[in-house]
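**Student:** Next come a sequence and a model predicted from it.
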Amino acid sequence: MSYFFYGLLLAMTKLPRLARMTLVLLAALLSLTGPGASADDPVEFKTATLAPEGSTWMNVFAEMDREVRAKTDGKVGFKFYPGGVVGDEKAALKKIKIGQLQAAALTSVGLSELLPESRILDLPYLYRDEREVDAVRAVICPRMEKRLEEAGYVALGWGDAGSVYLFSTHPVRSVEDLRASKVWVWEGDAVAESAFRTCGVDPIPLALPDVLTSLQTGLIDTVYISPIGAIALQWSTRVHTMTDIPIADALVVLTVQKKTFDRLSPEHQQLLRDLGAVYGRKLLEQARKENVESIKVLREKGIELVAPDEPTRAEFGKIAERVSRDLVGKIYTQELLDEVHRVLEELRAKK
């Protein structure tokens, strides 16, 4: 027992009953809260990610952690829990709220738990190339960062998981082929679910860790993911075809709890923001490069690339336009959708 509590106990014997009760309550509160954290206290962000150990994302995260620790003399760092070992992204966010974790590398699906309107960044068939992706993010992501901080989180850099394609056990060349498939949809992915239902598909919602087993058992036969992700998660071992038309460009954002971030000194806060931006860009560039290389690897492994004809591509485009309109007022505003279209129209006019 500390001298403080010993002295308090001794003094209480000489006080009236009401005063003794008040002091007991005060002592209990002090014992629960403990001493206040200062900017000099070491901070380690326990961080969840679905990225498998040894993947591009984990390698970049590990490199960032080493530089953060080196430049803060070990006072700040990250401890990553890869491969969804702490649960999916929704579970990770719940653990952040109760203090078991302090950060998560989120995909757009996880980010939408905090900011539903962020899903406007990966609407299906929205972009024609990566330049358009970057142009839209340059305008929209700063707005998302501000909204995130209002929600109690700090974005430390926007990365990438690469362009997303349909993978299946059979060729999917048309909307009719898609309707005849057992299509997986990531549980909580409102945009993908809306897109599939607009195609006339009744998708099967599953958490990400359940997909491989479901492919093995035949519960599903068609999934959507980037080529690099298909290899990293071993889904490529259970499918035979890839529909050669990119659906969307998947983002990854390293998000930390603002309450923990605010414990850092201003210098360390700025360092994390700066390094987050640097490594976010590095992750984006590496993921995109490896995504292209992964397509070659998949073809060498016997995955057939199926090319839809122009009428099918046009049909998918019309479905995407309908989906983007239907989600106005449900996920994002018309004003935000107009802003995205304005950025794209200006870029295309310059071309």
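**Tutor:** Sure thing, it's come through. Numbers count the residues shown, from 1 in each chain.
**Student:** drop to CA atoms for contacts and neighbour counts, all remaining ones
**Tutor:** Noted.
**Student:** and Pro16, what pLDDT?
**Tutor:** At Pro16, the pLDDT value in this model is 52.
**Student:** which residues of the stretch 251-351 of the chain fall in helices?
**Tutor:** Assigned by DSSP state H, counting those that start in this stretch, the helices in the stretch 251-351 of the chain fall at 258-261, 266-300, 310-326, 334-350.
**Student:** Reformat these into a markdown table and put mean neighbour count, distance to Ala161 and mean pLDDT next to each item.
**Tutor:** As requested, the helices of the stretch 251-351 of the chain are exported to a markdown table (neighbours: other Cα atoms under 10 Å; distance: least, Cα to Cα, whole Å; pLDDT from 0 to 100):
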| stretch | mean neighbour count | distance to Ala161 | mean pLDDT |
| --- | --- | --- | --- |
| helix 258-261 | 17 | 24 | 97 |
| helix 266-300 | 17 | 6 | 96 |
| helix 310-326 | 16 | 21 | 94 |
| helix 334-350 | 13 | 21 | 96 |
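**Student:** Can you convert these into JSON lines and add a column each for distance to Gly218?
**Tutor:** Putting the helices of the stretch 251-351 of the chain into JSON lines (distance: least, Cα to Cα, whole Å) gives the following:
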{"stretch": "helix 258-261", "distance to Gly218": "42"}
{"stretch": "helix 266-300", "distance to Gly218": "21"}
{"stretch": "helix 310-326", "distance to Gly218": "26"}
{"stretch": "helix 334-350", "distance to Gly218": "38"}
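**Student:** and Ala62, which of those helices is closest to it?
**Tutor:** Taking Cα to Cα, helix 266-300 is the member of the helices of the stretch 251-351 of the chain nearest to Ala62, at 10.3 Å.
**Student:** Tell me which other helices or strands the closest one touches.
**Tutor:** Judged by 3 or more Cα pairs under 8 Å, 6 or more residues apart in numbering; DSSP states H and E, helix 266-300 is in contact with helix 56-71, strand 153-168, helix 227-232.
**Student:** ok, now with 10 Å
**Tutor:** Contact partners of helix 266-300 among helices and strands, from 3 or more Cα pairs under 10 Å, 6 or more residues apart in numbering; DSSP states H and E: helix 56-71, strand 76-81, strand 153-168, helix 227-232, strand 241-257, helix 258-261, strand 304-306.
**Student:** Can you add distance to Ser214 and give these back as CSV?
**Tutor:** As requested, the helices and strands packed on helix 266-300 are exported to CSV (distance: least, Cα to Cα, whole Å):
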stretch, distance to Ser214
helix 56-71, 25
strand 76-81, 24
strand 153-168, 13
helix 227-232, 14
strand 241-257, 17
helix 258-261, 37
strand 304-306, 21
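**Student:** Which among these is found nearest to Ser294?
**Tutor:** That would be helix 227-232 among the helices and strands packed on helix 266-300, by Cα to Cα, at 5.5 Å.
**Student:** follow-up on the earlier one: of the helices of the stretch 251-351 of the chain, which approaches Arg238 most closely?
**Tutor:** Nearest of those to Arg238, taken as Cα to Cα: helix 266-300 at 11.9 Å.
**Student:** how far does that closest one sit from the chain's center?
**Tutor:** Computed by Cα atoms, centre = their mean, to the nearest Å, the chain-centroid distance of helix 266-300 equals 13 Å.
**Student:** can you check stretch 322-334 too?
**Tutor:** Distance, centroid of stretch 322-334 to centroid of chain: 21 Å (Cα atoms, centre = their mean).
**Student:** Then stretch 71-84?
**Tutor:** Centroid separation between stretch 71-84 and its chain, computed with Cα atoms, centre = their mean, is 18 Å.
**Student:** can you tell me which of the helices of the stretch 251-351 of the chain comes nearest to Met144?
**Tutor:** helix 334-350 (11.3 Å).
**Student:** That closest one vs helix 310-326, what angle?
**Tutor:** Here the directions of helix 334-350 and helix 310-326 differ by 140 degrees (axes from the mean of the first three to the mean of the last three Cα atoms, to 10 degrees).
**Student:** quick one on the thing from earlier: please identify which of the helices of the stretch 251-351 of the chain is closest to Pro227.
**Tutor:** Each of those was scored for nearness to Pro227 using Cα to Cα, and the closest is helix 266-300 (5.7 Å).
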